[in-house]
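> my questions concern the predicted model and sequence given below.
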Amino acid sequence: MANVSLRNIDIAYGPVTIVKSLQMEIADGEFTVLVGPSGCGKSTILRLIAGLEPHSGGDIFIDENNVSAANPADRNVAMVFQNYALYPNMTVFENISFGMKIRKIDATEIDHAVREVAKMVGLTDHLHKRPGRLSGGQRQRVALARAIVRHPKVFLFDEPLSNLDAEFRASIRLELRQLHKKLGATMIYVTHDQVEAMTMGDKIAVLAPIAVKGTHNLMQYDTPEVIYSKPTNLFVARFIGSPKMNTFEAESSGQATIRIGDQDIAVKVKRPLPSKVIVGIRPEHVVVGAHAEGPTITGRVAVTENLGHERLVFTETKIGPITQRASDQTVCPTAGDELELTLLRHRLHFFDAVTEERIEMVSDAP
Ligand SMILES: Nc1ncnc2c1ncn2[C@@H]1O[C@H](COP(=O)(O)OP(=O)(O)OP(=O)(O)O)[C@@H](O)[C@H]1O
């Protein structure tokens, strides 16, 4: 297995810059998820690591080797695609063993390797079948088995689950995590599904289209916990989390108070505040009723959604729409109700309204 280092990577198609100043250090054995909206360059970065994409600046290292100019075949990486890319006229066994056969590996060794990997991904009973007779989930397992049998240094996954239905996605997601543990492999996984990112990644790289910042498109690269609890800017705050973080504009005193509704909230900041800030709060950190733990906002309930294990309440308030999430079903407002909502003070996030960067609080210190 191997660590992957992307050093100051630029990628452009003609005059259009897609990836700029990308810096990432992916540790040996880590499961890293690249997440971001459509078109932000996730697949391009994966193809770059695989050697399928030229770049105009920077270097790619796999372990200590600079592979920037190396052929795909010499990089020892395996890529698993969304569309499986299986040979339809070959059986599952032949699909998995194809690469080994080309390399003229001994038939007994091939047989042993294929059966071992098939067992690992649950395909033992399907080795004689053609891909056309398999379900989407089974086909994706064949694609996975074909990658595993090569013992690559790095696995690259390009939205491998996006063709599967929700139930299958959840079970294969779990299997992939277990497989990652078993193999101890370095895996880089592209998705635009933030639930996949949050549940699968040891680390998440949140990417934005280059137009968002202009200078770079890696917005934050950290553990799922840090990305969720301390988003580095408004883009990450709004992209990660479902339902989305509530955000609204507020005035500051410039020193240590921020006006929310008609209450001044004292905050401990490292630097003077900008005059306008964006305040953020996640739906689960809004509670029904007036409480001492934070500013209270009144509003009228627009819609409620009962999801069984939790319910969401969407309320129109004078600071804007606020979504509240609770697992407690006892207090259940209905549309049209007048409602008091408390925003838990220690759960508030603050961003500069101009730069959209997170405003560090004293409590943010490591
Ligand atoms: N060969 C190409 N020539 C020109 N532009 C390209 C080429 N390949 C990709 N692009 C552009 O590069 C940008 C990034 O594409 P990429 O496929 O990496 O995005 P993505 O984040 O993986 O998106 P998605 O989630 O939709 O797959 C897009 O704007 C795309 O149109």
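Yep, it's here. Numbers count the residues shown, from 1 in each chain.
> pull out the buried residues from whichever strand or helix holds residue 137.
Following DSSP states H and E, the helix or strand that holds residue 137 is helix 136-148. Neighbour-count burial for helix 136-148 flags 137-148 (criterion: 16 or more other C-beta atoms under 10 Å). C-betas here are computed from N, CA, C, even on glycine.
> what pairs with the helix or strand just after that helix, and is each one parallel or antiparallel?
Using DSSP H and E, the helix or strand that follows helix 136-148 towards the C-terminus is strand 154-158. According to DSSP bridges, strand 154-158 forms sheet pairs with strand 77-80 (parallel), strand 186-191 (parallel).
> residues of the last one that come out buried?
Meaning strand 186-191. 186-191.
> who touches it?
1-4, 26-35, 42-43, 45-46, 49, 153-162, 176, 180, 196-197, 200-201 (C-beta atoms under 8 Å, 6 or more residues apart in numbering).
> stretch 346-358 too?
By C-beta under 8 Å, 6+ apart, stretch 346-358 touches 230-235, 237, 245, 247, 249, 258, 260, 265, 267, 273-274, 276-282, 285, 293-294, 359, 361, 363-364.
> could you redo the last one with a cut-off of 6 Å?
With contact meaning C-beta atoms under 6 Å, 6 or more residues apart in numbering, stretch 346-358 is reached by 232-234, 274, 276-281, 285, 359.
> what sits closest to the residue in the stretch 201-350 of the chain that the ligand sits nearest to if chain neighbours are left out?
Ranked by C-beta to the nearest ligand atom, the top residue of the stretch 201-350 of the chain for proximity to the ligand is residue 207, at 6.9 Å. With sequence-adjacent residues excluded and distances taken as C-beta to C-beta, 6 or more residues apart in numbering, residue 207 is closest to residue 36, at 3.5 Å.
> after the helix or strand where residue 6 lies, which helix or strand is next?
Per DSSP H and E, residue 6 falls inside strand 4-13. The helix or strand immediately downstream of strand 4-13 is strand 16-26, counting by DSSP H and E.
> which elements pack onto that next one?
strand 4-13 (3 or more C-beta pairs under 6 Å, 6 or more residues apart in numbering; DSSP states H and E).
> can you tell me the average pLDDT over the strand it packs on?
For strand 4-13, mean pLDDT is 94.
> Provide the strand pairings for that strand, with the direction of each partner.
strand 16-26 (antiparallel), strand 57-62 (antiparallel).
> nearest approach to residue 336 belongs to which of these?
strand 16-26 (47.8 Å; C-beta to C-beta).
> now residue 127. Its backbone dihedrals?
Phi and psi for residue 127, reported as degrees, to the nearest 10, are phi -60, psi -30.
> from residue 146, how far off is the closest residue to it other than its chain neighbours?
Nearest residue to residue 127, sequence neighbours excluded (C-beta to C-beta, 6+ apart): residue 93, at 4.3 Å. Distance, residue 93 to residue 146, using C-beta to C-beta, to the nearest Å: 11 Å.
> what's the answer for residue 17, then?
In terms of C-beta to C-beta, residue 17 sits 34 Å off from residue 146.
> among the buried residues of helix 136-148, which one lies nearest to residue 64?
residue 147 (23.6 Å).
> related to what we said a few turns ago, do the strand holding residue 6 and the ligand meet?
Yes: residues of strand 4-13 are located near the ligand by C-beta under 6 Å from any ligand atom, namely residue 13.
> against the ligand, how distant is residue 24?
15 Å (C-beta to the nearest ligand atom, to the nearest Å).
> what is the burial count for the spatially closest residue to that residue that is not a sequence neighbour?
Excluding the flanking residues, the one nearest residue 24 by C-beta to C-beta, 6+ apart is residue 6, at 4.4 Å. Neighbour count of residue 6, defined by other C-beta atoms under 10 Å: 21.
> give the contact list for residue 6.
Residue 6 neighbours (C-beta under 6 Å, 6+ apart): 22, 24, 60.
> switch the cut-off to 10 Å
19, 22-26, 45, 48-49, 55, 58-61, 205, 218 (C-beta atoms under 10 Å, 6 or more residues apart in numbering).
> regarding the protein, what is its longest helix?
helix 166-183 (DSSP state H).
> measure how that one sits relative to strand 154-158, angle-wise.
If you take axes from the mean of the first three to the mean of the last three C-alpha atoms, to 10 degrees, helix 166-183 sits at 170 degrees to strand 154-158.
> helices or strands next to helix 166-183 in the packing?
strand 31-35, helix 107-121, helix 136-148, strand 154-158, strand 186-191, helix 194-200 (3 or more C-beta pairs under 10 Å, 6 or more residues apart in numbering; DSSP states H and E).
> and the longest one, what does it pack onto?
It stands for helix 107-121. Partner elements for helix 107-121 (3+ C-beta pairs under 10 Å, 6+ apart): helix 92-102, helix 136-148, helix 166-183.
> tabulate those (JSON lines), appending distance to residue 11.
Formatted as JSON lines, those follow (distance: least, C-beta to C-beta, whole Å):
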{"stretch": "helix 92-102", "distance to residue 11": "28"}
{"stretch": "helix 136-148", "distance to residue 11": "24"}
{"stretch": "helix 166-183", "distance to residue 11": "27"}
